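[1] Quick one, structure for this:
(2 chains)
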Amino acid sequence: MSNHTAPVLPEVWMALLSSLTRPAAAAPAQSAALKRQLDAFLQSVERRALCMLELGTRQREEALDLLQDCMLRFVDRYADKPAADWPPLFFRVVSNALIDWQRRRSVRNKVIAIWPWGKSSKRQDEAQPIEFDAPAAETERPDSIHARNDLMQSMNRALAALPTRQRQTFLLREWQGMSVAESALALGISEGSIKTHLFRAQARLREALHEHA
Amino acid sequence: MNTPEHSKPDPLDSTSSAEFAALWADLDARSERLDADTLDRLRGARRVALARVGAKPAHAIRSWIAAAAFAGLAAIMLWPQAVTTAVPPAPVSMEAFGMLASPDEVEVLESLDFYLWVESQAALSDEHG
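    Residues are numbered from 1 along each chain as shown, chains lettered A, B, ... in the order given. Okay, the predicted model is just below:
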């Protein structure tokens, strides 16, 4: 009589062990498609994200470094999420990175302030005017170009001077065109807070606008 | 005509696109007008980030194996402490236990000096008869 009760357990364990130890058989076609999709998405948001980071850090190099970190974190954490959720999730990574950077900079400046050899070094978080010269139309008069540049410099300074949450809310709601719900997801705050931050940011920027008028 | 509450505009949620149109236009122009070095940096950042797509599953499996190994090691280290091989206490002598259990015996023990004195007095009286 043949032994039909051949030991199955060792075979099951061997199969399980081999499935755990061999490299995950990633579907190449799916991975390539996902990469293309992610590439297109990152290209669509990277410039504005860089602008937001530059407004927060006042330095192009810092902003570029932060943006690279943001892209890495985004791909690591959210690449498997639905593509429709990518925009608020990406800007969430950007906002958190900016806040972390500002906290580190604040701690660094405090240490420098009390360190005897640090008093002579320039504080890097002092408001640096963001140089911006808008392209002039050929028919535009020099005095109007100058006035417009002055206005834009003033607006950019006011925008950079906003508290981070207000600035991010303003840029995401008004510039990026996100809804209240998306902005709340991006910043990790309630929808009520989004409305409050937006209202306050608008008020401050209107003051800057009217001062120049 | 009264406007229903749900359709009234929220004063805290009004975007002001027209008011800041010039600002948006300038920010758009600024973000579009990037120098070649910056564009190279952006391309490089995207390339590095996209290289990680598809690398997660193997990493997750290694993490699973590492977590299981750590759990096993922790169990091995903590298991002997959970099983205490306490030496059982020496059995109490039943005689001693019995002696202490009775309330009468306890009273005798507490008044032992008195009873010893009584016995000594009785012995003295016997001697002197």
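[2] And for the closest residue to A:L55 other than its chain neighbours, the neighbour number?
    Using Cβ to Cβ, 6 or more residues apart in numbering or on different chains and skipping the chain neighbours, the partner closest in space to A:L55 is A:A160 (5.0 Å). (Glycine included, C-beta is placed from N, CA and C.) Neighbour count of A:A160, defined by other Cβ atoms under 10 Å in any protein chain shown: 17.
[3] buried sites along the helix or strand harbouring A:A160?
    Element membership of A:A160 [criterion: DSSP states H and E] is helix A:142-161. Within helix A:142-161, the residues that count as buried by 16 or more other Cβ atoms under 10 Å in any protein chain shown are A:R148, A:N149, A:L151, A:M152, A:Q153, A:S154, A:M155, A:N156, A:A158, A:L159, A:A160.
[4] Any chance of CSV for these, columns distance to B:A68 and pLDDT?
    Formatted as CSV, these follow (distance: Cβ to Cβ, whole Å; pLDDT from 0 to 100):
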residue, distance to B:A68, pLDDT
A:R148, 65, 74
A:N149, 63, 77
A:L151, 63, 80
A:M152, 59, 81
A:Q153, 59, 83
A:S154, 60, 83
A:M155, 57, 85
A:N156, 54, 86
A:A158, 55, 89
A:L159, 51, 91
A:A160, 50, 89
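[5] ok, which pair from those residues is furthest apart?
    Largest separation among the buried residues of helix A:142-161 by Cβ to Cβ: A:R148 and A:A160, giving 18.4 Å.
[6] I'd like the average pLDDT over stretch A:206-213.
    Confidence over stretch A:206-213 (mean pLDDT, whole number) is 77.
[7] Extract the CA atoms of that stretch and return them as CSV.
    In CSV, the C-alpha atoms belonging to stretch A:206-213 read as follows (Å, rounded to 0.1, in the frame of the first residue of the first chain):
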residue,chain,number,x,y,z
ARG,A,206,-3.7,93.3,0.8
GLU,A,207,-2.0,95.6,3.2
ALA,A,208,1.3,95.2,1.2
LEU,A,209,-0.6,95.8,-2.0
HIS,A,210,-2.3,98.9,-0.8
GLU,A,211,0.8,100.4,0.8
HIS,A,212,2.3,100.4,-2.6
ALA,A,213,-0.7,101.7,-4.4
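[8] Could I get the contacting residues of the most centrally placed residue in chain A?
    Centroid-nearest residue in chain A, with Cα atoms, centre = their mean: A:V94, separated by 1.9 Å. A:V94 makes contacts with A:A49, A:M52, A:L53, A:L66, A:L67, A:C70, as judged by Cβ atoms under 8 Å, 6 or more residues apart in numbering or on different chains.
[9] thought A:L53 was touching A:A63?
    Yes: counting by Cβ atoms under 8 Å, A:L53 touches A:A63, with 3.8 Å between them.
[10] Does residue 74 lie in a helix or a strand, and which?
    Using chain A here. helix A:60-78.
[11] wrong chain, I was asking about chain B
    Assigned by DSSP H and E, B:A74 falls within helix B:56-82.
[12] That helix - what's its average pLDDT?
    Across helix B:56-82, the average pLDDT comes to 70.
[13] got it, and stretch B:108-123?
    Stretch B:108-123 comes out at a mean pLDDT of 80.
[14] Convert the C-alpha atoms of that stretch to CSV, please.
    The C-alpha coordinates for stretch B:108-123 follow below in CSV (Å, rounded to 0.1, in the frame of the first residue of the first chain):
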residue,chain,number,x,y,z
VAL,B,108,1.8,28.2,77.2
LEU,B,109,4.6,29.5,75.1
GLU,B,110,3.8,33.0,76.0
SER,B,111,3.7,32.2,79.7
LEU,B,112,6.7,29.9,79.6
ASP,B,113,8.8,31.8,82.1
PHE,B,114,5.9,31.7,84.7
TYR,B,115,5.4,27.9,84.3
LEU,B,116,9.2,27.3,84.7
TRP,B,117,9.1,29.4,87.9
VAL,B,118,6.2,27.4,89.2
GLU,B,119,8.0,24.1,88.4
SER,B,120,11.1,25.3,90.2
GLN,B,121,9.1,26.3,93.3
ALA,B,122,7.4,22.9,93.3
ALA,B,123,10.8,21.2,93.1
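[15] Run through who's touching it.
    By Cβ under 8 Å, 6+ apart, no surrounding residue is in contact with stretch B:108-123.
[16] what's the distance between B:A49 and A:Q168?
    21 Å (Cβ to Cβ, to the nearest Å).
[17] and those two? which has more neighbours close in?
    Between B:A49 and A:Q168, counting by other Cβ under 10 Å, A:Q168 is the more crowded of the two (28 against 24).
[18] Excluding sequence neighbours, find me the nearest residue to that one.
    Nearest to A:Q168 is A:S95, by Cβ to Cβ, 6+ apart, at 5.1 Å.
[19] tell me which element the one you found is part of?
    When elements are assigned from DSSP H and E, A:S95 belongs to helix A:86-114.
[20] how far does that helix sit from the chain's center?
    With Cα atoms, centre = their mean, to the nearest Å as the basis, helix A:86-114 stands 10 Å off its chain's centre.
[21] Going along the chain, name the helices of chain B.
    All helices of chain B, identified by DSSP state H, fall at B:21-32, B:36-50, B:56-82, B:94-101, B:103-110, B:112-128.
[22] Good, we can wrap up now.
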